[in-house]
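S.K.: A structural model of the following input is requested.
(chains A and B)
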Amino acid sequence: DGGITQSPKYLFRKEGQNVTLSCEQNLNHDAMYWYRQDPGQGLRLIYYSQIVNDFQKGDIAEGYSVSREKKESFPLTVTSAQKNPTAFYLCASRLGIWSNQPQHFGDGTRLSIL
Amino acid sequence: KQEVTQIPAALSVPEGENLVLNCSFTDSAIYNLQWFRQDPGKGLTSLLLIQSSQREQTSGRLNASLDKSSGRSTLYIAASQPGDSATYLCAVRPTGNQFYFGTGTSLTVIP
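M.R.: Numbering: from 1, shown residues only, chains lettered A, B, ... in the order given. The predicted model follows:
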């Protein structure tokens, strides 16, 4: 079955450490997104990518970095510059950035600070 | 910037009741609006997508309506069941590439 796989499900970060969250999709979608979800808040966009080797900052990109070397993969790195990284991170994809197709989501990664 | 509001934040209903969830947005210039369901600790599951040219979409016991001019959408759930208990979120796509999400309504259906 086609879908989006996020790993790991739970991740712990030490002070000063960079960690990378994985997102893989086999839906053949061009557009991919990373969101952060905090309790009592809606999803906020970190980065999105329209196509391989291209990505754009969302509303809260500071302290995060991404890459898009393959169509299927859009990993997110939470750097030590992100001072409040504890949150639920969700990856999504869509057929194309200009299409009117729905977004599909993975099951998320919960990041906590040790 | 688009602001999306969902009221109430939480709702409890007895099983079998019909219910309406609300979503309002500040800028009526949108391409589409999507309703999602989120179970605890899980990702979002797409329920319905309404294009800006449509007034409503239906899937099983779910019906979503869109009134762009007033900046409102409703999600109607008929004959609610305990399995419908979840958080329901709406998201709008304005004239750009980003989606803006509401904070969700947490629904509990009591057996």
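S.K.: list the contacts for residue 15?
M.R.: Using chain A. In this structure, residue A:15 makes contact with A:80, A:113-114, judged by Cβ atoms under 8 Å, 6 or more residues apart in numbering or on different chains. C-beta: built from backbone N, CA, C; applies to glycine.
S.K.: looking at chain B here, not the other one
M.R.: Residue B:15 sits next to B:80-82, B:109-111 when contact means Cβ under 8 Å, 6+ apart.
S.K.: so how do I select the buried members of the residues you listed in ChimeraX?
M.R.: Buried members of the contacts of residue B:15, defined by 16 or more other Cβ atoms under 10 Å in any protein chain shown, are picked up in ChimeraX with:
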select /B:80,109
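S.K.: closest to chain B out of the contacts of residue A:15?
M.R.: Distance ranking of these against chain B, using Cβ to the nearest Cβ, places residue A:113 first at 18.4 Å.
S.K.: that closest one bridge partners, please.
M.R.: Counting by DSSP bridges, residue A:113 forms beta bridges with residue A:13.
S.K.: just checking, residue A:36 touches residue A:87?
M.R.: Yes: between residue A:36 and residue A:87 there is a contact under Cβ atoms under 8 Å: 4.8 Å.
S.K.: which residues are in contact with both of the two?
M.R.: Contacts common to residue A:36 and residue A:87, judged by Cβ under 8 Å, 6+ apart, are absent.
S.K.: which helix or which strand is home to residue 46?
M.R.: You didn't pick a chain, so chain A it is. Assigned by DSSP states H and E, residue A:46 belongs to strand A:44-51.
S.K.: wrong chain, I was asking about chain B
M.R.: Using DSSP H and E, residue B:46 maps to strand B:44-51.
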